[in-house]
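**Q** Structure, please.
(one chain, ligands or ions: 3)
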Amino acid sequence: MLSAIVSPTKWLSKRNRVILCFILALFRLCHLQRKAFGFLRRGERKISLAMESTLKEMRNGDCVLDMNNSKCVGGGVEDIYGEDRATEDQLISPWSFSVASGYSLLRDPRFNKGLAFTEVERDTHYLRGLLPPVVLSQELQEKRLMHNLRQYQVPLQRYMAMMDLQERNERLFYKLLIDNVEELLPVVYTPTVGEACQKYGSIFRRPQGLYISLKEKGRILEVLKNWPTRHIEVIVVTDGERILGLGDLGCQGMGIPVGKLSLYTALGGVRPSVCLPVTIDVGTNNKKLLEDEFYIGLRQRRATGQEYAELLDEFMSAVKQNYGEKVLVQFEDFANHNAFELLAKYGTTHLVFNDDIQGTASVVLAGLISSLTILGGTLADHTFLFLGAGEAGTGIAELIALQISKQTNAPLEEARKKIWLVDSKGLIVSSRKESLQHFKKPWAHEHEPVKELLDAVKAIKPTVLIGTSGVGKTFTKEVIEAMSSFNKKPLILALSNPTSQSECTAEEAYTWSEGRAMFASGSPFDPVEYNGKVFVPGQANNAYIFPGFGLGIIMSGTIRVHDDLLLAASEALASQVTEENYAKGLIYPPFSNIRKISANIAAKVAAKAYELGLATRLPRPEDLVAYAESCMYTPVYRQYR
Ligand SMILES: NC(=O)C1=CN([C@@H]2O[C@H](COP(=O)(O)OP(=O)(O)OC[C@H]3O[C@@H](n4cnc5c(N)ncnc54)[C@H](OP(=O)(O)O)[C@@H]3O)[C@@H](O)[C@H]2O)C=CC1
Ligand SMILES: CC(=O)C(=O)O
Ligand SMILES: [Mg+2]
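**A** Ligands and ions are numbered 1, 2, ... in the order given. Below you'll find the predicted structure:
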């Protein structure tokens, strides 16, 4: 109780903090005397520890309150909970409402270290007997867990094992994910997260984020306050209507915000305590789920129109009221009939980012910029054809056009003419303009109607083919052969997720192009051997961008997302591709370097934000890469006093 009252106190004025500090110091003096006489019993020890740590935290109080204080390392992203990597050698208290100890310490994923608790910690924190005698290093724990994970043949079992670990020992979870990123990304993210969402009702164990349903209408602010941490910097929110290419999964879409935020931490170094996954449940139109006895969401058809808009509006207002102006809200896997509108509506009042529209655009543009090293020419020399004209397709198209327009000084309308899109009704052409959704209209160029993709490929003769349809197997042998007939090196990007929805496989792209295609896909494929040569496919996924992009925004206190920040992120990512990567035909750097890549993206994004006057954390740090790195969370265990 006392520790709850005296925990780091942002709400106190500086003068009152000094007074409180003084009172606590006196109180501690008395307390130490009693301690010396051996009066202190176990319950009191909690209070003693709380006071010690509070005094220390209050002595360092300016760290929390003044991020420019040079004593406070990694000042960009507020270290409210004392998780900074840069202070690893400094002892901290495992704060909960009281100092966690004994059994409750082992059950708290934020502080649990399992068998890695040292002998001293076992004594100090009442753990004797609760653990077997052996003390393991974190490295050995990691080795053991990776060994166990590899025993599972079924990807969903690996996913569940990772989720269990996250709920048991957060730092170990992140250590595994960071150290084995290429192996574990497909487990916690696409493709396995797709299957996990489909079966979320059956595998549900403990809530991992906030569920805000129509039932909570009118009290969303209250619901936000139920979340255990008060200081939040990133929210990933979905309404579950377009989960990857799997369609409407309703409330079970929660796996996506949870997965995306674990990448914010592992790939971008944003500490887990400031991340909040949210699922807005307005029902589902998925008949199978509505009839599934294990379905965890509202059993009704989706609310639309005013009812939907009001719930979203209440959520966005509550977020701003509870977490302030600078919380980054990432919209994820909304259906396009809501996604564009939400982005436009809240883009001027909130710090919002749509990963499917903007993050995807930035990652694809990066791949295109880097592919020019192999293909030659400029972006404006290429012709682009998309299968799929929704969020991802038109989002990417718009950013390519913007970049071409900036590079050539041509008007945006002129730059758009290099880009063609096909939707479920065929090529988007001017004769269809009246009936098109607003986000497709800018792409309705003069051309006769074309129904099939193959015919569009033959008519437009693109140098780059991009799949954003959410429909698997749509890049057929004939399509890839046609692309290869007029391109020496056709660039094929099959972006749809998960693997089952990929427009073609890596093997198909390489085989049907007789080894000439440059290929990347949304979900990963293994290397392919063709004609004695090994081809390594790249992964064109927004996971390259959003973690570093978000870090850049947060560490600079940027208040709005601007297209130029997306362009900066693209250029930063493209510049990370090495000669060695190009030699393998890769247009993206490997994920094994992602932390370094994210720091570079964050630095470039922040630099652009400072240049545009959007950054509020002043003064601007001189070396933004070093600053980004100093802000990044690392999962090594802390020593408990
Ligand atoms: N790799 C990555 O980083 C990312 C990948 N994606 C993936 O991209 C896919 C699409 O996402 P998103 O753009 O948000 O989805 P949308 O629903 O917004 O868009 C899908 C588009 O595909 C079109 N389409 C559907 N079926 C066909 C078909 N058989 N032939 C031609 N066009 C078709 C739709 O046409 P119509 O408009 O006529 O209905 C629509 O234009 C998903 O699988 C998603 O996982 C998304 C974001 C990032
Ligand atoms: C990767 C991603 O965001 C998607 O497929 O929706
Ligand atoms: Mg998405």
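
**Q** how about the strands in this structure?
**A** 210-213, 234-238, 275-281, 328-331, 352-354, 384-387, 419-423, 426-427, 464-467, 491-494, 518-521, 528-530, 533-535, 538-539 (DSSP state E).

**Q** With mean neighbour count as added columns, please give those strands in CSV.
**A** C-beta: built from backbone N, CA, C; applies to glycine. Output for the strands of the chain, formatted as CSV (neighbours: other CB atoms under 10 Å):
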stretch, mean neighbour count
strand 210-213, 20
strand 234-238, 27
strand 275-281, 24
strand 328-331, 24
strand 352-354, 25
strand 384-387, 26
strand 419-423, 24
strand 426-427, 20
strand 464-467, 28
strand 491-494, 28
strand 518-521, 26
strand 528-530, 15
strand 533-535, 14
strand 538-539, 25
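
**Q** what sits against the residue in the chain that ligand 1 sits nearest to?
**A** Residue nearest to ligand 1 within the chain: Gly390 (1.9 Å; CB to the nearest ligand atom). Contact partners of Gly390, counting by CB atoms under 8 Å, 6 or more residues apart in numbering, are 336, 423, 439, 468, 470.

**Q** for the protein, what are the low-confidence residue spans?
**A** Low-confidence segments of the chain, defined by pLDDT under 70: 1-89, 95-98.

**Q** So which residues on it come close to ligand 1?
**A** Taking CB under 6 Å from any ligand atom as the contact definition, the chain meets ligand 1 at 242, 244-245, 336, 356, 360, 363, 387-393, 422-425, 468-471, 474, 495-497, 501, 522, 540-542.

**Q** Check the burial of the closest residue to Lys461 other than its chain neighbours by counting its neighbours.
**A** In space, and not counting its chain neighbours, Lys461 is closest to Phe486: 5.3 Å by CB to CB, 6 or more residues apart in numbering. Phe486 has 12 neighbouring residues, counting by other CB atoms under 10 Å.

**Q** And Phe486, how far from Pro449?
**A** 22 Å (CB to CB, to the nearest Å).

**Q** and what of Met555?
**A** Met555 is 49 Å from Pro449, by CB to CB.

**Q** In this structure the residue nearest to Lys461 contacts Ile460, no?
**A** No. Using CB atoms under 8 Å, Phe486 makes no contact with Ile460, being 10.4 Å away.

**Q** so what's the spatially closest residue to Val236 that is not a sequence neighbour up against?
**A** Leaving aside its chain neighbours, Val236 sits nearest to Pro257 (3.9 Å; criterion: CB to CB, 6+ apart). By CB under 8 Å, 6+ apart, Pro257 lies in contact with 209, 236-238, 277-279, 332.

**Q** Residue of this structure nearest ligand 2, please.
**A** For the chain, CB to the nearest ligand atom, closest residue to ligand 2: Asn497, 3.7 Å.

**Q** Count residues in the vicinity of that residue, would you?
**A** Using other CB under 10 Å, Asn497 has 25 other residues around it.

**Q** With Thr378 instead?
**A** 12.

**Q** Okay, it and ligand 3: tell me how far apart.
**A** Relative to ligand 3, Thr378 is positioned 30 Å away (CB to the ion, to the nearest Å).

**Q** Can you name the residues that contact that residue?
**A** 372, 407-408.

**Q** what's the answer for Gly557, then?
**A** Gly557 neighbours (CB under 8 Å, 6+ apart): 326, 615-617.

**Q** quick one: which two of the contacts of Pro257 are the most distant?
**A** Gly209 and Glu332 (11.7 Å; CB to CB).

**Q** more neighbours, those two?
**A** Glu332 (29 against 21).

**Q** Can you tell me the closest non-neighbouring residue to that one?
**A** Thr238 (4.8 Å).

**Q** Mark which of the contacts of Gly390 are part of helices, please.
**A** Among the contacts of Gly390, the members falling in helices (DSSP state H) are Asn336.

**Q** By neighbours, which of the contacts of Gly390 wins?
**A** Using other CB under 10 Å as the neighbour criterion, Thr468 leads the contacts of Gly390 with 28 neighbours.

**Q** so it touches Leu495, yeah?
**A** Yes. Counting by CB under 8 Å, Thr468 touches Leu495, with 5.2 Å between them.

**Q** so who does the residue lying closest to Pro537 once chain neighbours are set aside touch?
**A** Nearest residue to Pro537 in three dimensions, chain neighbours excluded: Ala506, at 3.9 Å (CB to CB, 6+ apart). Ala506 sits next to 519, 521, 525-528, 535, 537 when contact means CB under 8 Å, 6+ apart.

**Q** hmm, try it at 10 Å
**A** 492, 494, 517, 519-521, 524-528, 530, 535-538 (CB atoms under 10 Å, 6 or more residues apart in numbering).

**Q** same thing with Gly253?
**A** Gly253 is in contact with 197, 200, 238-244, 246, 279-281, 284, 297, 332-334, counting by CB under 10 Å, 6+ apart.

**Q** can you rerun that using 6 Å?
**A** 197, 238, 240, 243, 279 (CB atoms under 6 Å, 6 or more residues apart in numbering).

**Q** how about JSON lines for the contacts of Gly390, with distance to ligand 3 added?
**A** Converted to JSON lines, these look like this (distance: CB to the ion, whole Å):
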{"residue": "Asn336", "distance to ligand 3": "12"}
{"residue": "Asp423", "distance to ligand 3": "19"}
{"residue": "Phe439", "distance to ligand 3": "16"}
{"residue": "Thr468", "distance to ligand 3": "11"}
{"residue": "Gly470", "distance to ligand 3": "11"}
